[in-house]
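>>> turn this into a model:
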Amino acid sequence: MSAVHGSARLPPPVARNPLLHDSGLLNSTTFISDHRNETTAGTLTRAGLTIQVSFVFADPPRLSYFCVYCLNRYEIPFAKAPKVVSSVEDTALIQVLLTTEDSPQYFLYRARGPNGRPSLDLLPDIHRYSQTEILCVPLGFVSHDNHKQFVMAALSYGTWDGEYNLHTIGSNPDSTWSKKLLQVEIPNGLTANSALIEPTKVIALGGGLLGWVDLWKGMVICDVLNPAAKAYFVPMPKLLPNNNELYGNQYSARPLRDITVSRDYIRCVEFEQVLKLRPTTVPAVTDPWDMDELQDSELAIVPPQEEEEVYDVVGWRLITWYRSLTWNGWRKGSMVHSDDLGIISLPQLGGGSCPLNEPFKNLKTASPTLSDDDVVYLVCMLKEDDQAVWIATIDTRSKSVGEVVPFSAEGTVIYDPTFIPCVLSKYLDAKSDGSQGGKRNASHVPHSRNISKWKKQRQLLSQAELEEQQPLPHLLQHSSAAVVMPVNSPQCV
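Purely as a prediction, here's the structure:
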């Protein structure tokens with residue numbers, strides 16, 4: 001088993017204005033670092049080791065990031081980079097796999113814990129439960145009782161199309177999983193197969209309502225706090241023509257679509273490349289009527305050639321939709337065409353003084369990410385396989401380009417972004433500007449215990465495994481599985 005351990009050199013802190021930005025873009029790049037600030041919270045692992053999590057927020061389109069560290073004097077490494085599986089409202093679900101464990105551990109970070117401060121809780125063993133119940137990724141969770149309690153929820157497929165099982169477990173130490181059959185109400189005109197989704201995202205709709213979203217087909221919504229409540233299906237908007245022609249639900253929808261909840265509305269955005277048929281040169285066809293003589297060499301029968309249509313990308317357009325839970329349809333929001341935006345100025349990586357000026361329509365662009373207002377973030381690059389990638393801010397209402405920031409795309413592509421929307425910062429009273437905390441708070445970061453148990457497990461590791469361990473690189477790239485995964489290849493915990 002290869003392992004990652006050590007500490008990472010953090011980027012310099014970025015000043016932020018919490019009055020302007022409640023939401024942000026959280027990079028799933030993990031820093032393994034003993035970094036502490038006002039967001040830091042900690043708890044104990046299954047083996048009794050202390051683990052802590054901290055966040056450093058930045059104004060979008062800059063990326064926020066998080067740090068994880070296992071506090072122990074035995075230098076226990078991580079088997080792989082921790083990741084934020086999903087983030088909903090004031091909570092974040094974090095997956096951690098240490099070399100002392102056979103299965104991942106899941107922790108729930110809350111910006112407002114039971115005492116009003118950040119907290120970190122070890123969740124029940126999801127992996128063990130999923131050995132008998134195949135749970136669909138991603139998991140969802142809701143807080144209740146004034147954020148003192150939470151319920152974690154997951155779906156699994158039922159026996160018939162459009163039928164699901166809802167699995168829930170509470171936050172009390174003696175809580176156990178419960179399971180109930182969901183009968184999903186389907187809008188008139190749709191079939192049960194329409195509601196058979198492969199969710200890649202969970203959105204919180206207020207109260208106990210959670211929506212499991214398939215960006216191609218729609219979402220299954222249910223109240224996880226009310227066992228008697230019915231579930232119902234909300235279809236996604238109809239695909240734009242070129243997306244339907246080129247993709248047709250065969251690939252991940254993340255390069256084209258995103259969905260969020262803001263100001264009591266469900267909001268969806270779709271991105272589409274604008275295509276133009278490339279003119280083809282058709283060879284001249286001779287007409288014997290006009291010929292005085294016919295050479296034998298010209299009389300070969302040539303079978304008709306079917307010309308393959310070739311299209312060029314000449315720009316892009318995007319459209320937003322919104323709806324209330326009580327509506328029976330979507331309403332059009334804003335529309336933006338790349339021609340509306342003209343020339344875009346791309347700052348250089350490393351802060352070079354000469355930005356690149358390019359027509360926006362000429363850039364490779366994809367993966368729209370919705371903010372909690374009329375802003376959409378787009379990922380773009382000059383050409384395929386570039387390491388220089390930019391995140392551009394698009395105001396869909398004024399049809400204008402806002403701030404554009406560069407970031408390194410090493411290990412990723414624009415069609416699989418390594419960041420997810422996150423609103424954790426708006427629930428934190430204190431600023432998290434990257435400053436190092438002066439001392440550890442015992443209530444936030446408890447002390448390790450049961451080290452002897454770990455030492456026994458450690459002795460079981462082979463010498464070959466120990467020799468495999470390499471120093472931790474400065475950055476560990478890891479995409480968030482809860483947001484981006486192939487729709488035709490559902491994953492389970």
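
>>> from here on, contacts and neighbour counts on C-alpha atoms
Noted.

>>> all strands of the stretch 1-150 of the chain, in order?
Under the criterion DSSP state E, counting those that start in this stretch, the stretch 1-150 of the chain contains strands at 4-5, 24-32, 41-44, 50-56, 63-71, 78-88, 91-98, 105-110, 119-122, 140-144, 149-157.

>>> residue 204 is nearest to which of those strands?
Go through the strands of the stretch 1-150 of the chain one by one with CA to CA and the one that ends up closest to residue 204 is strand 78-88, at 6.4 Å.

>>> the closest one - contacts with which helices or strands?
The criterion is 3 or more CA pairs under 8 Å, 6 or more residues apart in numbering; DSSP states H and E, and the helices and strands that strand 78-88 contacts are strand 4-5, strand 24-32, strand 91-98, strand 201-204, strand 419-422.

>>> next, the angle strand 140-144 makes with that strand.
Angle, strand 78-88 to strand 140-144, by axes from the mean of the first three to the mean of the last three CA atoms, to 10 degrees: 60 degrees.

>>> export strand 78-88 to CSV, keeping only CA atoms.
As requested, the backbone C-alpha atoms of strand 78-88 are provided in CSV (Å, rounded to 0.1, in the frame of the first residue of the first chain):
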residue,chain,number,x,y,z
PHE,A,78,-2.7,8.8,4.8
ALA,A,79,-3.3,5.9,2.4
LYS,A,80,-4.6,8.4,-0.1
ALA,A,81,-5.4,12.1,-0.2
PRO,A,82,-8.5,13.0,1.9
LYS,A,83,-11.3,14.7,-0.1
VAL,A,84,-14.5,16.7,0.5
VAL,A,85,-17.2,14.4,-1.0
SER,A,86,-19.9,17.0,-0.9
SER,A,87,-20.7,20.3,0.9
VAL,A,88,-24.3,21.4,1.7
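
>>> ok now it, how far from the chain's centre?
When distances are taken as CA atoms, centre = their mean, to the nearest Å, strand 78-88 is centred 11 Å away from the chain's centroid.

>>> residue 34 versus residue 123, what's the distance?
As for residue 123, its distance to residue 34 is 22 Å (criterion: CA to CA, to the nearest Å).

>>> scratch that, residue 216 is what I was asking about
40 Å.

>>> so these two - more neighbours on which side?
residue 216 (24 against 18; other CA atoms under 10 Å).

>>> where does that one land in three-state SS?
Following DSSP: H, G, I helix; E, B strand; the rest coil, the label given to residue 216 is coil.

>>> take the strands of the stretch 1-150 of the chain and write them to CSV, including mean pLDDT, mean neighbour count and distance to residue 261.
Listed next are those as CSV, based on pLDDT from 0 to 100; neighbours: other CA atoms under 10 Å; distance: least, CA to CA, whole Å:
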stretch, mean pLDDT, mean neighbour count, distance to residue 261
strand 4-5, 58, 21, 36
strand 24-32, 84, 25, 14
strand 41-44, 94, 25, 27
strand 50-56, 93, 24, 23
strand 63-71, 90, 23, 20
strand 78-88, 86, 24, 10
strand 91-98, 90, 21, 15
strand 105-110, 90, 24, 19
strand 119-122, 92, 22, 24
strand 140-144, 82, 22, 15
strand 149-157, 88, 20, 19
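
>>> just put the helices and strands packed on strand 78-88 in a markdown table and tack on distance to residue 108.
Output for the helices and strands packed on strand 78-88, formatted as a markdown table (distance: least, CA to CA, whole Å):
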| stretch | distance to residue 108 |
| --- | --- |
| strand 4-5 | 22 |
| strand 24-32 | 16 |
| strand 91-98 | 5 |
| strand 201-204 | 15 |
| strand 419-422 | 14 |
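
>>> what's the burial count for residue 245?
10.

>>> beta-bridge partners for the residue nearest to residue 155 when sequence neighbours are not counted, please?
The spatial neighbour of residue 155 that comes closest, neighbours along the chain excluded (CA to CA, 6 or more residues apart in numbering), is residue 166 at 4.9 Å. Beta-bridge pairing for residue 166 (DSSP bridges): residue 155, residue 180.

>>> burial of residue 166, as a residue count?
The local packing of residue 166 (other CA under 10 Å) involves 20 other residues.

>>> okay, it: pLDDT?
Per-residue confidence at residue 166 stands at 94 (pLDDT).

>>> wait, it sits on residue 154?
Yes - contact criterion CA atoms under 8 Å: residue 166 and residue 154 qualify, at 6.0 Å.

>>> pop out the phi and psi values for the spatially closest residue to residue 89 that is not a sequence neighbour.
In space, and not counting its chain neighbours, residue 89 is closest to residue 423: 5.8 Å by CA to CA, 6+ apart. Dihedral pair for residue 423: phi -120, psi 20, per degrees, to the nearest 10.

>>> then the one 4 residues further on?
Recorded main-chain torsions at residue 427 are phi -100, psi 0, according to degrees, to the nearest 10.

>>> now do the contacts for it.
90, 111-112 (CA atoms under 8 Å, 6 or more residues apart in numbering).

>>> what's the distance between it and residue 90?
As it turns out, when the distance is counted by CA to CA, residue 427 lies 6 Å from residue 90.

>>> swap in residue 201?
Separation of residue 201 from residue 90 (CA to CA) stands at 16 Å.

>>> quick one: which of those two has more around it?
Just comparing residue 201 and residue 90: by other CA under 10 Å the higher neighbour count belongs to residue 201, 26 against 21.

>>> that one bridge partners, please.
Once the bridges are assigned, which here means DSSP bridges, residue 201 pairs with residue 213.

>>> what do you get for residue 234?
In this structure, residue 234 bridges to residue 219 when assessed by DSSP bridges.

>>> that one: what's it in contact with?
The neighbours of residue 234, taking CA under 8 Å, 6+ apart as the test, are 186-187, 218-221.

>>> which among those end up buried?
186, 218-221 (16 or more other CA atoms under 10 Å).

>>> before we move on, back to that, nearest to residue 255, out of the helices and strands packed on strand 78-88?
Each of these was scored for nearness to residue 255 using CA to CA, and the closest is strand 419-422 (12.8 Å).

>>> now do the closest one: everything it contacts.
Contact partners of strand 419-422, identified using CA under 8 Å, 6+ apart, comprise 23-28, 63, 86-89, 369-371, 479-480, 483.

>>> can you show me the CA trace of it as CSV?
Taking C-alpha atoms only, strand 419-422 is exported to CSV below (Å, rounded to 0.1, in the frame of the first residue of the first chain):
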residue,chain,number,x,y,z
PHE,A,419,-13.6,22.3,-7.3
ILE,A,420,-17.2,22.3,-6.0
PRO,A,421,-19.5,25.1,-4.9
CYS,A,422,-19.3,25.8,-1.1
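
>>> what sits in contact with each of residue 427 and residue 90?
Common neighbours of residue 427 and residue 90 (criterion: CA under 8 Å, 6+ apart): 111-112.

>>> hang on, the earlier thing: so which of the strands of the stretch 1-150 of the chain gets nearest residue 339?
Closest to residue 339 of the strands of the stretch 1-150 of the chain, according to CA to CA: strand 24-32, at 26.4 Å.

>>> could you name the helices and strands sitting against the closest one?
Counting by 3+ CA pairs under 8 Å, 6+ apart, the packing neighbours recorded for strand 24-32 are strand 63-71, strand 78-88, strand 419-422.

>>> could those strands be laid out in CSV, adding distance to residue 280?
As requested, those are exported to CSV (distance: least, CA to CA, whole Å):
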stretch, distance to residue 280
strand 63-71, 45
strand 78-88, 48
strand 419-422, 41
